[in-house]
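Student: I would like to see how this sequence folds:
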Amino acid sequence: MEAAASDRRGAAGALALPLKTAGLVLLLLSAVVLGTGLGSVNVPPGEVLGALWRGVTGQELAGNDVIVWQIRLPRVVMGVLVGASLSVCGGAFQGVFRNPLADPYLLGVASGSALGATIAIVSGWPRTLI
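Tutor: Model (predicted):
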């Protein structure tokens with residue numbers, strides 16, 4: 001009797017992970033569409049999807065399409081990539097130290113990055129590249 005209940009829980013658990021993953025991917029895609037549409041010039045989600053389709057298929061970009069492809073989409077994609085890399089680094093820290101509460105302050109990574117940012121700001125490094 002207990003084996004049958006265990007099998008049902010195992011099958012439900014095996015199905016739950018792909019459903020959760022699909023839900024999170026849909027949530028991410030909707031956040032990308034909404035994030036791309038919001039700004040000083042609001043672009044409705046339908047127009048954002050249309051602009052993305054026209055850009056992918058190689059059609060000529062005009063009007064809000066240019067705003068979507070050249071200004072907003074690169075920023076949103078960069079935000080997604082930065083968030084993904086930070087989550088991977090956090091997971092790596094927790095895996096290496098076998099501690100679910102491990103954070104960047106454990107090794108002084110946060111202090112080192114703050115020092116690097118301070119040096120870059122004081123030296124005017126971002127302005128020297130332009």
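
Student: please report the distance of Ile67 from Leu107.
Tutor: As judged by Cβ to Cβ, to the nearest Å, Ile67 and Leu107 stand 42 Å apart. All C-beta atoms are positioned from the backbone trio N, CA, C, and that covers glycine.

Student: ok, Leu115 next?
Tutor: On the measure of Cβ to Cβ, Leu115 and Leu107 end up 14 Å apart.

Student: next one: Gly46
Tutor: 47 Å.

Student: between these two, which one's more packed in?
Tutor: Leu107 (13 against 10; other Cβ atoms under 10 Å).

Student: just for the chain, where's the confidence low?
Tutor: Residue ranges of the chain with pLDDT under 70: 1-12, 128-130.

Student: okay, strands next: where are they in it?
Tutor: Ranges of strands within the chain: none, based on DSSP state E.

Student: which segments of it make up each domain?
Tutor: Here the domain parsing of the chain from automatic domain parsing is 2-99, 100-130.

Student: just say which of those domains is most tucked in.
Tutor: Compared across those, domain 2-99 shows the largest average neighbour count, a mean of 12 (mean count of other Cβ atoms under 10 Å).

Student: from the chain's centre, how far out does that one sit?
Tutor: Remark: domain 2-99 is offset 6 Å from the chain centroid, using Cα atoms, centre = their mean, to the nearest Å.

Student: go on, stretch 82-101?
Tutor: Counting by Cα atoms, centre = their mean, stretch 82-101 comes out at 15 Å from the chain centroid.

Student: only C-alpha atoms, please: export it in CSV.
Tutor: Written as CSV, here are the backbone C-alpha positions of stretch 82-101 (Å, rounded to 0.1, in the frame of the first residue of the first chain):
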residue,chain,number,x,y,z
VAL,A,82,22.9,39.4,-15.8
GLY,A,83,20.2,37.9,-13.7
ALA,A,84,20.9,34.4,-15.0
SER,A,85,24.6,34.7,-14.4
LEU,A,86,24.1,36.0,-10.9
SER,A,87,21.8,33.1,-10.1
VAL,A,88,24.3,30.6,-11.5
CYS,A,89,27.1,32.2,-9.4
GLY,A,90,24.9,32.1,-6.3
GLY,A,91,24.1,28.5,-6.9
ALA,A,92,27.8,27.8,-7.4
PHE,A,93,28.7,29.4,-4.1
GLN,A,94,26.1,27.4,-2.3
GLY,A,95,27.3,24.2,-4.0
VAL,A,96,31.0,24.8,-3.3
PHE,A,97,30.5,25.6,0.3
ARG,A,98,27.6,23.2,0.8
ASN,A,99,25.8,25.9,2.6
PRO,A,100,22.4,27.1,1.4
LEU,A,101,23.0,30.4,3.1
